[in-house]
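>>> Next comes the sequence, and after it the predicted model I'd like to discuss.
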Amino acid sequence: GAGVSQSPSNKVTEKGKDVELRCDPISGHTALYWYRQRLGQGLEFLIYFQGNSAPDKSGLPSDRFSAERTGESVSTLTIQRTQQEDSAVYLCASTTTTGANTGELFFGEGSRLTVL
Amino acid sequence: GQQLNQSPQSMFIQEGEDVSMNCTSSSIFNTWLWYKQDPGEGPVLLIALYKAGELTSNGRLTAQFGITRKDSFLNISASIPSDVGIYFCAGQNTGRRALTFGSGTRLQVQP
């Protein structure tokens, strides 16, 4: 597809379970971001990948959160031992990193996570 | 970390009215951006600003990059029902790619 694809679109899980969210970026986009958006709030940065460089993990809220990306392809965000406070929409975005337009992120539709 | 204060939090206006919203920061940014988010969708870029003092238009939208690099505003002229959504400002600095987002302005337009 032409856009950023995320799956699942909705996930309901029980407290304490692990979840994995997937992001398929736009082909050719070297940079990939994960953001979290709680209900009625802004976007909270989680992690940034750029090619094969070490990721910027400065936004991950705890060691229960981790993410992987192989090269310039798919990324997975894993949340272990989920808590109710993890309930949110998890947005993935990709972009190119050449020139001045590196702030022009292309977002997916998000994965809505509900922890019961 | 850096924080953006966005205001107003929400607006309810009549179709045809002009709208103004702004964003301020305690620290400078090298790039300011404005995104719009429709329900159930990811944010979409509206306008990007790269120079202090820059004023940029995109149709009925006009945005400015504050001269101090610590603020930006977005104006929407002659609002229409499809302008409904949440508008986010975002700042970015050279050397740190991650965007810092404001908390959003929820816009409702009464036909």
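Looks like it arrived, so ask away.

>>> Please give the number of neighbouring residues around B:V84.
15 (other CB atoms under 10 Å in any protein chain shown). C-beta coordinates here come from the backbone N, C-alpha and C atoms, glycine included.

>>> What score does the residue lying closest to it once chain neighbours are set aside have for pLDDT?
Spatial nearest neighbour of B:V84, excluding adjacent residues (CB to CB, 6 or more residues apart in numbering or on different chains): B:V109 at 5.3 Å. The model reports B:V109 with a pLDDT of 95.

>>> beta partners of B:V109?
B:I13 (DSSP bridges).

>>> and the strand or helix carrying A:L91, what does it pack onto?
Assigned by DSSP states H and E, A:L91 belongs to strand A:88-95. The contact analysis (3 or more CB pairs under 8 Å, 6 or more residues apart in numbering or on different chains; DSSP states H and E) places strand A:88-95 against strand A:5-7, strand A:19-24, strand A:31-37, strand A:75-79, strand A:106-107, strand A:111-115.

>>> who's in contact with the longest one?
So that's strand A:31-37. Residues from elsewhere that reach strand A:31-37, judged by CB atoms under 8 Å, 6 or more residues apart in numbering or on different chains: A:23, A:25, A:43-51, A:61, A:67, A:69, A:75, A:77, A:88-97, A:102, A:105, A:110, B:97-99, B:101.

>>> The fifth one now?
Contacts of strand A:106-107 with the rest of the structure, by CB under 8 Å, 6+ apart, involve A:3-4, A:26, A:29, A:91-95, B:41-45.

>>> Within the sheet, what are the partner strands of it, with directions?
strand A:88-95 (antiparallel).

>>> Would you mark the buried spots in the strand it pairs with?
A:A88, A:V89, A:Y90, A:L91, A:C92, A:A93, A:S94, A:T95 (16 or more other CB atoms under 10 Å in any protein chain shown).

>>> same question, stretch A:37-57
Those would be A:Q37, A:G42, A:L43, A:E44, A:F45, A:L46, A:I47, A:Y48, A:F49, A:Q50, A:P55, A:D56, for stretch A:37-57 by 16+ other CB under 10 Å.

>>> of these, closest to B:S77?
Ranked by distance to B:S77 (CB to CB), the buried residues of stretch A:37-57 are led by A:G42 at 24.9 Å.

>>> Give me the secondary structure label for the closest residue to the closest one other than its chain neighbours.
Nearest residue to A:G42 in three dimensions, chain neighbours excluded: B:S103, at 4.1 Å (CB to CB, 6+ apart). Put simply, B:S103 is coil when judged by DSSP: H, G, I helix; E, B strand; the rest coil.

>>> Share the number of residues neighbouring B:S103, please.
19.

>>> Next, give phi and psi for it.
phi -80, psi -10 (degrees, to the nearest 10).

>>> OK, contacts around it?
Neighbours of B:S103 in contact, by CB under 8 Å, 6+ apart: A:Q41, A:G42, B:L4, B:N5, B:Q6, B:Q9.

>>> now with 10 Å?
By CB atoms under 10 Å, 6 or more residues apart in numbering or on different chains, the contact set of B:S103 is A:40-43, B:3-7, B:9, B:23, B:86, B:88-89.

>>> Let me know the distance separating the residue nearest the centre of chain A from A:L43.
By CA atoms, centre = their mean, the mean C-alpha position of chain A lies nearest to A:W34, the distance being 2.9 Å. Computed as CB to CB, to the nearest Å, the A:W34 to A:L43 distance reads 10 Å.
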